[in-house]
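Undergrad: this is the structure alone, sequence omitted:
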């Protein structure tokens, strides 16, 4: 996962490495996390979610990409994608998990209409779309109440993007989906 601000880019990998550009050492590794799955920028800090040994949820936070604060979460799963709305983070992950947080430290779990792994979430300015395994597509206006959309596609969807008018999602076996 890659996120940037004007003077720094932060890259989080599934092997627990965090790399950043601009000033200071280029690669940071923390034994606190084995898997870092998602990274987001909220205007004042980077937030990374992942999994720590032995499989506890983890959030890492930093204003500069160099010094990291670790917060262990009270659930045993990985949040694989993050979206920032301007006022809160929304994260999706394993077993259909959906969580939100105003600060990246205190998280609230929300009911999900699906138990399949969710791989990506996007904020459009008016709502969320989350995608995942088995062609799952979920939507929410507020990040709290979620509903399943048509599942005509059964292939896993890995990523989704929004350009202001069109969604583009990509997944397994060459799947490319678009929707206005």
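TA: Alright, I've got the coordinates. As the structure is a prediction and not an experimental result, all values here were calculated from the model.
Undergrad: the most centrally placed residue in the chain is in what secondary structure piece?
TA: Nearest to the mean C-alpha position of the chain, by Cα atoms, centre = their mean, lies residue 81 at 1.5 Å. Under the criterion of DSSP states H and E, residue 81 resides in strand 79-84.
Undergrad: sheet-wise, list the partners of that strand with their directions.
TA: Its sheet considered, strand 79-84 pairs with strand 89-93 (antiparallel) by DSSP bridges.
Undergrad: mind giving me the packing neighbours of whichever helix or strand comes after the partner strand?
TA: The helix or strand immediately downstream of strand 89-93 is strand 98-101, counting by DSSP H and E. Contacts defined by 3 or more Cβ pairs under 8 Å, 6 or more residues apart in numbering; DSSP states H and E place strand 98-101 against strand 89-93, strand 108-110. Quick note: C-beta positions are derived from backbone N, CA and C, even for glycine.
Undergrad: buried ones in the longest one?
TA: The one in question is strand 89-93. Neighbour-count burial for strand 89-93 flags 89, 90, 91, 92, 93 (criterion: 16 or more other Cβ atoms under 10 Å).
Undergrad: got it, and the shortest one?
TA: Of all the residues in strand 108-110, those buried under the rule 16+ other Cβ under 10 Å are residue 110.
Undergrad: and the contacts of it?
TA: For strand 108-110, contacts defined as Cβ atoms under 8 Å, 6 or more residues apart in numbering pick out 75, 97, 98, 99, 100, 101, 143, 144, 145, 146.
Undergrad: can you list these in a markdown table and add pLDDT and neighbour count?
TA: Listed next are those as a markdown table, based on pLDDT from 0 to 100; neighbours: other Cβ atoms under 10 Å:
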| residue | pLDDT | neighbour count |
| --- | --- | --- |
| 75 | 74 | 17 |
| 97 | 93 | 20 |
| 98 | 95 | 25 |
| 99 | 93 | 23 |
| 100 | 94 | 20 |
| 101 | 93 | 20 |
| 143 | 96 | 23 |
| 144 | 96 | 14 |
| 145 | 97 | 11 |
| 146 | 97 | 21 |
